[in-house]
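Undergrad: Any chance you can model this:
(chains A, B, C and D)
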Number of protein chains: 2
Amino acid sequence: MVTLAEVAQHAGVSASTVSYVLSGKRSISANTRQRVERSIRELGYHPNAGARALASSKSNIIALMVPLRTDMYVPVMMEIAIAVATSARAHGYDVLLLTGEEGPDAVRRVAGSGLADGMILMDVELDDERLPLLRATDQPSVLIGLPADTSGLTCVDLDFRATGALCVEHLAKQGHQDIAVIGEAPAVYERHTGFAERTLDGLRTRARELGVRLLHRPCEGGYDAMAVTLARILDERPGTSGLIVQNESVVEPLLALLRQQGRAVPEDVSVVAICPDQVATQASVRLTSVAIPAQEMGRRAVEHLVAKLDGRGSDEVVLLAPELTVRGSTGPAPSRS
Amino acid sequence: MVTLAEVAQHAGVSASTVSYVLSGKRSISANTRQRVERSIRELGYHPNAGARALASSKSNIIALMVPLRTDMYVPVMMEIAIAVATSARAHGYDVLLLTGEEGPDAVRRVAGSGLADGMILMDVELDDERLPLLRATDQPSVLIGLPADTSGLTCVDLDFRATGALCVEHLAKQGHQDIAVIGEAPAVYERHTGFAERTLDGLRTRARELGVRLLHRPCEGGYDAMAVTLARILDERPGTSGLIVQNESVVEPLLALLRQQGRAVPEDVSVVAICPDQVATQASVRLTSVAIPAQEMGRRAVEHLVAKLDGRGSDEVVLLAPELTVRGSTGPAPSRS
DNA sequence: AATCGTTATCGAAGCGCTTCGACAACCTAT
DNA sequence: ATAGGTTGTCGAAGCGCTTCGATAACGATT
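TA: Numbering: from 1, shown residues only, chains lettered A, B, ... in the order given. So this is what the prediction gives:
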């Protein structure tokens, strides 16, 4: 393994000079710089990460805590994770992957050992047990998701309240009076995951304001659960003409069921999905949808964290504005007979 | 930040003694050990990762390279990644998440900087450009997937050849004579991803041996692509009564299309899927399937890597035996009229 | 009583890097 | 010409840990 000292010797300069060439923290003559850079290339030098971390008390690593649970829509998680890894690299950081498994201890371990300079937490719950620790250790961090109390924290998330409102608005504008919401699995609500509750809040508030009737039903993933849920909805509110789906794993089953029952989309029923664009465009009907901007969320989280690590940036709640894309699954409400 | 020296002072021993308590590399009297452990607890000491890595030239980190591409089925990737992270922790390692983006350079960087002690590569292509480097740097590593030349490498993968054979066998045994394979997206084959080609090989070989006709068609994800592909298949081989699907994103569209065309599963058409169990059980028809053992693959990869890092273990190709679970989507071939 | 082997502990060196202060060498202004 | 500033380089200290002798204390062995 090539060391700084070897590079220095090869280039005929002192070790500190090489270090300054690398970091750019002091001015170096063009001549020297070139000699050093040449030696680095010729010897194939890579700074030793451990030594660097020890001397500078900076690891250049960002920890990313992903949930262990898989009742969430996994591709979104993955997309965020990859976006985080990619943007982190662009800022000179590597990413350490932590699973929720360790729970709050992971925060303690990472903060205590200097393994990472900061952390990004995904799938934050309203009353997340990791938050007190985060505040106590004042570990630089960014949350993806919104807890109940955001004081002293930086959070990035889609504005789910606005998302809910947007969906209702779109349907109401088309004349739909009876709207049903097919939500996440009951467990998601029971766990008080912020995004689900905020969506619901946005949906209900706007529905009340616009005077449309709204029925919300959680739904497990899979075809059978969807069949049961849909039957219940149509039983309870036969006049339902607008559906809002916030559970990706149920989108295709829903469309299949509607087709099977002879309900045409969008002639008889309009469907709005809250899901990644890929799901919306690949479904058997092009779905009008509000996208979940996974990449954007990952990128923004990294940017805010890096800003904090650089001493810039402050606590802040960043809510990304939802965008509704009209595709083929929504249209005017059928005239009541 | 608490240091070893502070713990030593607090416990009234030397720094090296504390170190030996931590590592267990020399015998320590019960009395001293307890005093030290108590001090560690009271002070909330966490060894500094950088210093440890520098002194011991071991980072206790495993690098995991995940593909950047997302034309593969993402949940499987995620499941493997999480399994890797979880088992790594169980062995005292953390996981560094690298995206394919950097390509071969990542191997050089990680090997050169001592950032990680070893690496796990996912989504290995038949002629992967990272392999020469891996061999050259003799970086301890494990591949998930099988390249063309496995000499000097440790690989873990599902035995896709056997998987293909198993699917054909199952259908042939039920009397199906004309079988069609709905494969991954064309890009996957063009990239010479090992698993796709090996599956195909297994399918074809066994089909020849059993004397059944086999038609293979790649298929992009999504409903429309599936519709086109299915139409072509039925046009070319109207007698097709068995379908084998190796592209998870097309499973539900396929079932919807069959339903729509009045072809009953499994009465008219039998369907075997190669997919995670979750997909098979959540589909609108319980699918007979060969599972992709994502967790198992991640776990085994870590175990082999850790064995290598401990100086045990050797180069080896581990092929996990496929298991076919019969559910409701396969049955006897309809009698030819 | 002298010797040997254990067992438990300590001190010091060193891992490869960053960073601070020092110091030449040079370039301005007076 | 001289004081004062820049600019470019070096040496040394030190980051927190591991690890290698060395040593002291103590039984067990002759």
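Undergrad: Up against chain B, what does the stretch 201-337 of chain A have?
TA: Listed as neighbours of chain B in the stretch 201-337 of chain A under the rule Cβ under 8 Å from any Cβ of the partner chain: A:221-223, A:249, A:252-253, A:255-256, A:259-260, A:281-284. C-betas here are computed from N, CA, C, even on glycine.
Undergrad: what helix or strand is the residue of the stretch 51-200 of chain A found nearest DNA strand D on?
TA: Closest to DNA strand D within the stretch 51-200 of chain A is residue A:55: 3.7 Å, counting by Cβ to the nearest atom of the strand. Secondary structure here is read from DSSP states H and E; on that basis residue A:55 sits in helix A:49-56.
Undergrad: Name the residues of chain A found near DNA strand D, please.
TA: Within chain A, the residues that sit near DNA strand D (Cβ under 7 Å from any atom of the strand) are A:12-17, A:20, A:26-29, A:31-33, A:51, A:54-55, A:57.
Undergrad: from those residues, which would you call buried?
TA: Neighbour-count burial (16 or more other Cβ atoms under 10 Å in any protein chain shown) is assigned, among the residues of chain A next to DNA strand D, to A:13, A:17, A:20, A:28, A:32-33, A:51, A:54.
Undergrad: I'd guess residue A:5 is in a helix, am I close?
TA: Yes: assignment of residue A:5 by DSSP: H, G, I helix; E, B strand; the rest coil places it within a helix.
Undergrad: Correct me if wrong: it contacts residue A:15.
TA: Yes: at 5.4 Å, residue A:5 counts as touching residue A:15 under the criterion of Cβ atoms under 8 Å.
Undergrad: circling back: save the residues of the stretch 201-337 of chain A next to chain B as a markdown table, and put in secondary structure too.
TA: Formatted as a markdown table, the entries for those read as follows, by three-state DSSP:
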| residue | secondary structure |
| --- | --- |
| A:221 | coil |
| A:222 | coil |
| A:223 | helix |
| A:249 | helix |
| A:252 | helix |
| A:253 | helix |
| A:255 | helix |
| A:256 | helix |
| A:259 | helix |
| A:260 | helix |
| A:281 | helix |
| A:282 | helix |
| A:283 | coil |
| A:284 | coil |
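Undergrad: Throw the residues you listed into TSV and include neighbour count and pLDDT, thanks.
TA: Putting those into TSV (neighbours: other Cβ atoms under 10 Å in any protein chain shown; pLDDT from 0 to 100) gives the following:
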residue	neighbour count	pLDDT
A:221	18	87
A:222	18	85
A:223	22	86
A:249	24	86
A:252	25	89
A:253	26	90
A:255	24	93
A:256	22	89
A:259	16	90
A:260	13	87
A:281	15	91
A:282	22	84
A:283	26	86
A:284	21	85
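Undergrad: what ranges do the helices span in chain A?
TA: Applying DSSP state H to chain A gives helices spanning A:4-11, A:15-23, A:30-43, A:49-56, A:74-90, A:104-113, A:130-136, A:160-173, A:186-190, A:194-210, A:223-236, A:251-260, A:277-282, A:294-309.
Undergrad: Please render these as TSV that adds distance to DNA strand C to the earlier fields.
TA: Written out in TSV, the entries for the helices of chain A read as follows (distance: least, Cβ to the nearest atom of the strand, whole Å):
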stretch	distance to DNA strand C
helix A:4-11	3
helix A:15-23	3
helix A:30-43	10
helix A:49-56	3
helix A:74-90	18
helix A:104-113	16
helix A:130-136	25
helix A:160-173	41
helix A:186-190	45
helix A:194-210	38
helix A:223-236	55
helix A:251-260	50
helix A:277-282	41
helix A:294-309	13
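Undergrad: what's the closest of the ones you listed to residue B:90?
TA: Closest approach to residue B:90 among those (Cβ to Cβ): helix A:104-113, 13.7 Å.
Undergrad: average pLDDT across the closest one?
TA: Taken as a whole, helix A:104-113 carries a mean pLDDT of 92.
Undergrad: how deep is residue A:68 tucked in, by neighbour count?
TA: Using other Cβ atoms under 10 Å in any protein chain shown, residue A:68 has 15 neighbouring residues.
Undergrad: Surely it and residue B:85 touch.
TA: No: the pair residue A:68 / residue B:85 is not scored as a contact, 9.0 Å apart, by Cβ under 8 Å.
Undergrad: which residues are common contacts for these two?
TA: Listed contacts common to residue A:68 and residue B:85 are residue A:99; contacts here mean Cβ atoms under 8 Å, 6 or more residues apart in numbering or on different chains.
Undergrad: wait, doesn't residue A:172 sit right on residue A:210?
TA: Yes: assessed by Cβ under 8 Å, residue A:172 is found in contact with residue A:210 at 4.5 Å.
Undergrad: if you count what's nearby, which of the two comes out ahead?
TA: Set side by side, residue A:172 and residue A:210 show more neighbours around residue A:172, with 19 against 16, by other Cβ under 10 Å.
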